[in-house]
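Enquirer: what follows is a predicted structure for the sequence shown.
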Amino acid sequence: MIRMLLVEDEDKLVASLIKGLRTADIDVEAVRTGREGLERAVEGDHDIMVLDIGLPDQEGFTLLRRLRATGSDLPVIILTARSSAEDTVRGLERGADDYMAKPFVFDELVARIRLRARKPPEEAPVPEGVLVVGSCELDPIARVLTCDGAPIPLSPREFQLAHLLMTRGGEVVPRAEALEHVWGSAARDNVLDVYIRYLRSHLGPHAIETIRGVGYRFVG
């Protein structure tokens with residue numbers, strides 16, 4: 001059974017989610033405030049958190065930032081009425097794994113919880129070898145990217161996107177595939193453009209080639 005932490009202050013929604021998710025074999029612990037959410041996320045034994053942004057004591061973004069600062073890799077799905085592109089990017093940049101806008105389809109939420117919930121160690125993918133494209137080398141085990149021998153500091157999402165592009169060995173990665181692989185179906189299309197700009201700011205303007213109407217290619 002998946003063990004979920006729900007951080008939400010809307011009583012009717014909490015009651016509805018607890019009832020529905022338990023029928024889907026998802027055990028729910030619910031708290032109302034960001035302070036309680038952070039405490040239970042750090043101390044508890046949960047597989048995933050579903051987090052509202054508009055909490056009574058603090059923004060959910062603040063809770064998420066503080067959670068990631070502890071080193072926690074607990075998967076987090078943001079569930080909120082705030083669905084602008086800016087809020088989506090903000091949530092994903094602070095370490096969210098998925099982003100759903102209210103109102104939402106219950107079956108879709110269940111599917112995303114099952115997809116994002118922390119997997120047992122034996123299901124973790126086998127690490128790949130060092131990837132080399134152009135003058136860049138990426139070590140997925142050490143999580144280090146170097147170009148021309150110099151280490152490149154990347155955020156977790158930037159690293160994940162660079163890793164995807166480099167696994168293709170210079171082939172084009174379609175936009176839709178990159179969005180789904182790195183952010184899941186919650187991401188807006190322009191999130192990818194934002195992170196491509198971030199990577200180019202680190203690697204140089206010509207390190208990633210845009211194939212208009214198709215996607216991107218890492219050339220190093």
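Expert: That came through fine.

Enquirer: pretty sure D25 contacts I2?
Expert: Yes. D25 is within contact range of I2, at 7.0 Å (criterion: C-beta atoms under 8 Å). Where you see a C-beta, it was placed from the backbone N, CA and C, and this is true even at glycine.

Enquirer: comparing these two, which residue is more hemmed in?
Expert: Taking neighbours as other C-beta atoms under 10 Å, D25 and I2 compare with I2 leading, 18 against 10.

Enquirer: show me what contacts the more buried one?
Expert: I2 is in contact with 25-27, 47-48, 113-114, 117, counting by C-beta atoms under 8 Å, 6 or more residues apart in numbering.

Enquirer: same thing but 6 Å
Expert: Taking C-beta atoms under 6 Å, 6 or more residues apart in numbering, we find I2 in contact with 26, 47, 117.

Enquirer: who wins on neighbours among the residues you listed?
Expert: I26 (23 neighbours).

Enquirer: the nearest residue to that one once chain neighbours are set aside and T146, how far apart?
Expert: Nearest non-adjacent residue to I26, counting by C-beta to C-beta, 6 or more residues apart in numbering: I2, 4.7 Å away. For I2, the distance to T146 equals 38 Å [C-beta to C-beta, to the nearest Å].

Enquirer: ditto for L192
Expert: From L192 to T146 the distance is 24 Å (C-beta to C-beta).

Enquirer: which one of those two is surrounded by more residues?
Expert: The neighbour count for L192 versus T146, taken as other C-beta under 10 Å, is higher for L192 (20 against 14).

Enquirer: what are the buried residues along the one helix or strand the more buried one maps to?
Expert: For L192, the host element (DSSP states H and E) is helix 189-203. Buried residues in helix 189-203, defined by neighbour count with 16 or more other C-beta atoms under 10 Å: 191-192, 195-196, 198-199, 203.

Enquirer: go through these and name the one nearest P151.
Expert: Closest approach to P151 among the buried residues of helix 189-203 (C-beta to C-beta): L203, at 12.0 Å.

Enquirer: for the closest residue to that closest one other than its chain neighbours, grab phi and psi.
Expert: Leaving aside its sequence neighbours, L203 sits nearest to C147 (C-beta to C-beta, 6+ apart; 6.0 Å). The phi/psi pair for C147 (degrees, to the nearest 10) reads phi -130, psi 130.

Enquirer: per-domain residue ranges of the protein.
Expert: Using automatic domain parsing, the domains assigned to the chain come out as 2-122, 131-218.

Enquirer: reformat these as TSV; add mean pLDDT.
Expert: Output for the domains of the chain, formatted as TSV (pLDDT from 0 to 100):
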stretch	mean pLDDT
domain 2-122	89
domain 131-218	88
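
Enquirer: contacts for stretch 87-100?
Expert: For stretch 87-100, contacts defined as C-beta under 6 Å, 6+ apart pick out 61, 64-65, 68, 75-79, 112, 116, 184, 186, 188, 191, 194.
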